[in-house]
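Peer 1: Any chance you could fold what I've pasted below:
(2 chains)
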Amino acid sequence: MIGYILKRLFFMIPTLFVISILVFVIIQLPPGDYLETYIAELQSQGESVDPDRIRFLRAEYGLDKPIYEQYFVWASGMLVGDYGYSFEYGLPVNEVIGDRLFLTIIISVVTIIFTWAIAFPIGIYSATHQYSWGDYGLSFIGFIGLATPNFLLALVMLYLANVYFGTSIGGLMDPEYIDQPWGIDKLISVLEHLWIPVVVIGTSGTAGMIRRLRANLLDELQKQYVVTARAKGMQEKKLVRKYPLRIAMNFFIADIGSLLPSVISGAEITAIVLSLPTTGPMMLNALQSQDMYLAGSFLMFLAMLTVIGVMLSDILLAMLDPRIRLQGGATK
Amino acid sequence: MSVHPPLRFTILATAFLLIVQAALASPEHEPPLLVQAVQSGDIPPMSGRLPENPRIMQISKNGLTAGKYGGVMRMLMGKEKDIRRMVVFGYSRLVGFDLNLELTADILESYEVREGREFIFRLRKGHRWSDGQPFTSDDFRFYWEDVANNDDLFPFGPPKTFRVEGDLPIVEYPDEWTVVYRWNRPNPHFLIELASPRPLFIYMPRHYLESFHPRYADREALDEQAKSRGSRNWSGYFLKKARQYRLTNPELPSLQPWVNTISPPAERYVFKRNPYFHRVDENRLQLPYIDQVQVNIVSSSLIPAKTGAGESDLQGHYLRLDNFTFLKEGEQRNGYDVLLWKTLNGSHKALYPNLNSRDEEWRNLARDVRFRRALSLAVNRREVNQVIYYGLANESSNTVLPGSVFYEDEMQTWARYDLEEANALLDSLGLDERNKRGLRLMPDGRPLEVIIHTAGESTEETDILELIHDSLLKVGIKVYTKPSQREVFRDRIFSGDVMMSVWTGLENAMPTSGFSPGELAPTSQNQYQWSRWGQYHETNGKAGEKPDLPSVRRLYELYLKWSEITDVQQRQEIWREMLRIYTDEVFNIGIVNAVPQPIVVNGRLRNVPIEGLYAWFPTSYFGVYSPDTFWFDE
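Peer 2: Prediction:
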């Protein structure tokens, strides 16, 4: 097992190296660079730019260097924890991301808990009561949640919350609390706003999870050991909880790989519509304006979390599911 | 040390008297927000904060009312970078435009221009930066000698405006309150640049910035410090500290009415009143009236919704005409008023046939005035106006607004809707053969299909093109719309790959003779009908092409002539002639102008004009309407 973990850790290095090259190249693919985006933006608002100043800035930002050199500076910096410099904000990338990370994690964690809290009971109910009215009804609602575009749901809920509860539109708290220290009032204001993104992001995730749990559980419930247990007079509730449910949870552990990065990235589209102070909108802006170090470092960060997450879920699966064993090798 | 009782009494009495005096003086004039700081001695009382001769704003003369102190004004902006708008709105300039768009001294007490080439600026004695340090000619010297002429900070020399045919001015500082700029030839752009929404800052707070400048501090230590803060060397660090327009450094002293107090990144920026601001109202109340401006950064797509929920006290940006009905609906519920100001573009959106296209056949067509006129005649402006702008806009070619002194009815000759004449013109070009679909054939046999590029930012452009498509088809021209990203859009135009593009029309459609007519002549790469000719001027002939159309050359000559003369009458003549050529030659095809811009104003906010011009230049959006004189009623 330890050898396996070490091997996995070792293979993360070339993986991340290749990802870093891909990320950098893809960000550079659109024509132009940050400064051209900057000029275009200024011009679209009527401002003019002195070409000499742009030449100066290009040298100042190191954008006049060949692309491999820019990559090298960025990649070597990352090894020592220097994620580069955001042109857009005029700050080191760490400082730009730092503030937003905390709120992003809050939203994501609450959303995940919300998703689980709803999806699990419903999934189990639908599987154990297959083709009942309850199953159909809940599946129907779940599909609506899956099919409604998040941004639309977000806008509708924003409007209703504003008109009926007087909640300020968008954001994660009323504007007057933004730069205040944390206190009860601020917390209440955050809670007032938090439920909208949580419900919006949560609904689609919930529906997916219900379906998967139901399908997995149904597979298990058909199996003979369940019939045997029932024949021996085991209590139905205990039976489901103790055997099929645990096996049906594999998908859930496998999900951790994608869960980790999503905790950090937040749901981009919803976050933009709701104007949440999370990392999603920042990331999109950085990509649009070719603020390459900010975008690149953030993508790298996500890639790293994905790689770690996948490894974690593999190891967990091996530990939790007795059917998955490493000793057998590839002979089977 | 013991104090003799009578003496102690005297001290107490004097102290008491002083306090009473201060208290008597303050309630009338001192802004309540500052009373405490004044009493504790942190800042001097108002008389010590104002220049000896402050600028007095005659508010009631303009039909507005003098107000009172206090309040917080909330605004919404879509990006953190947008906080630079506060310099535009604050509009504290050495010289600035007044409500009649004429230049007046603002930060300067007075100025004098001799022969258009010598500028004598007199500062207000006792004027102070927002941190209380004096603002003197030394701040101009610092900028000129240590910044603009520093090889590390400006490796290509001082900004363009300072060059008149390559020559830099001689700058003199006769005394603490006087600065003189002298060129050999007239510099007509200088004052305009100073009054611009993004002004040329020819002064910098020396007392603050010199600690970041190697002439006054140790260079190696500075480089070290710069590196630890993520800059490459001292110059990058200095420029970051010295941004007077982008406002990212809350420590930087300012002369604007409100001063940023938050360093980025943040979701909300708080601008506090500048206690040393140099303007007072007619009752000698120090401006601005409003204590604080709060700028909340939210997704730009949410701004109309948030404004409609009453979360902004003064909003124009990111609101569009199609939000009007929605905003109007919330007026009662959320206690605001929706005003309709006018935009100031020569055309809200205009078509730019590319005269520098690489496609030779197309280029020849686009350079033929008959073709451009035919295109213009085949655009149904009335339909566009009714369908997209509720009929509220003004159907026009890309030219000055009807209220302008330069306006002539002839300018609209080619802005009629006349398919017959358009067809006749196209026939006369030898485009009389058509294919099975009814499209005209170009001389090389290709059907006349025009791809119009848009910057793809709003559906407005594609909607307009959809309407134009139908009427152009009637004269045998098929148009396709191709949206692309803004930078790609520009690059393709610059390289000549674009046949025609859509962009906003002339920037300022209410010019006076003092404004540069540069927009009407090939002077910039960003003129999308002749970007290569413009580039030729911009780079002094190093890149681009020399204009070879006689009419364009004439425009360019006129522009040069305008720069050399100072006589108002002659300049007006030049403006008129240039406008005539520009509209008669139809270098771009205007559609509608004077499109209304919704402005949402809190119902308690006073002095915001009911009608105004909402434009970048020359009005600086709210700038010339002096937001420092806006105030909150009960």
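Peer 1: C-alpha only now, for contacts and for neighbours.
Peer 2: Will do.
Peer 1: mind listing what residue 264 touches?
Peer 2: Using chain A. For A:Ile264, the contact set (C-alpha atoms under 8 Å, 6 or more residues apart in numbering or on different chains) comprises A:101, A:104-105, A:108, A:279, A:302.
Peer 1: I was thinking of chain B, sorry if that wasn't clear
Peer 2: B:Pro264 sits next to A:89, B:80, B:248 when contact means C-alpha under 8 Å, 6+ apart.
Peer 1: can you pick the most crowded of the residues you listed?
Peer 2: Neighbour counts for those, by other C-alpha atoms under 10 Å in any protein chain shown, peak at B:Thr248, which reaches 24 neighbours.
Peer 1: Which residue is the nearest non-sequential neighbour of the residue in chain B that chain A sits nearest to?
Peer 2: Per C-alpha to the nearest C-alpha, B:Ser299 is where chain B lies closest to chain A, at 4.9 Å. Of all residues not flanking B:Ser299 in the chain, A:Ser275 sits nearest, at 4.9 Å (C-alpha to C-alpha, 6 or more residues apart in numbering or on different chains).
Peer 1: Am I right that B:Ile574 is in contact with B:Leu558?
Peer 2: Yes. Applying C-alpha atoms under 8 Å as the test, B:Ile574 and B:Leu558 come out as touching, 6.3 Å apart.
Peer 1: rewinding a little: which two from the contacts of A:Ile264 end up farthest apart in space?
Peer 2: A:Ser108 and A:Leu302 (14.4 Å; C-alpha to C-alpha).
Peer 1: pLDDT below threshold where in the chain?
Peer 2: In the absence of a named chain, chain A is used. Along chain A, the model assigns pLDDT under 70 to residues A:46, A:266, A:325-332.
Peer 1: I was after chain B.
Peer 2: Residues of chain B meeting the criterion pLDDT under 70: B:1-28, B:457.
Peer 1: Quick one: neighbours of the residue lying closest to B:Thr413 once chain neighbours are set aside, just the number.
Peer 2: Leaving aside its chain neighbours, B:Thr413 sits nearest to B:Asp584 (7.6 Å; criterion: C-alpha to C-alpha, 6+ apart). Per other C-alpha under 10 Å, the neighbour tally for B:Asp584 reads 17.
Peer 1: Reformat the contacts of B:Pro264 as JSON lines; add distance to B:Leu579.
Peer 2: Converted to JSON lines, the contacts of B:Pro264 look like this (distance: C-alpha to C-alpha, whole Å):
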{"residue": "A:Tyr89", "distance to B:Leu579": "42"}
{"residue": "B:Glu80", "distance to B:Leu579": "39"}
{"residue": "B:Thr248", "distance to B:Leu579": "41"}
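Peer 1: Out of those, which comes closest to B:Val147?
Peer 2: For those, the residue nearest B:Val147 by C-alpha to C-alpha is B:Thr248; the value is 18.9 Å.
Peer 1: Helix, strand, or coil at the residue of chain A found nearest chain B?
Peer 2: Going by C-alpha to the nearest C-alpha, chain B is nearest to A:Ser275 of chain A, at 4.9 Å. Three-state assignment for A:Ser275 (DSSP: H, G, I helix; E, B strand; the rest coil): coil.
Peer 1: Would you mind confirming that it is in contact with B:Asn296?
Peer 2: No. With contact defined as C-alpha under 8 Å, A:Ser275 does not reach B:Asn296; the gap is 10.9 Å.
Peer 1: which residue sits closest to B:Lys81, ignoring its sequence neighbours?
Peer 2: B:Arg246 (7.1 Å).
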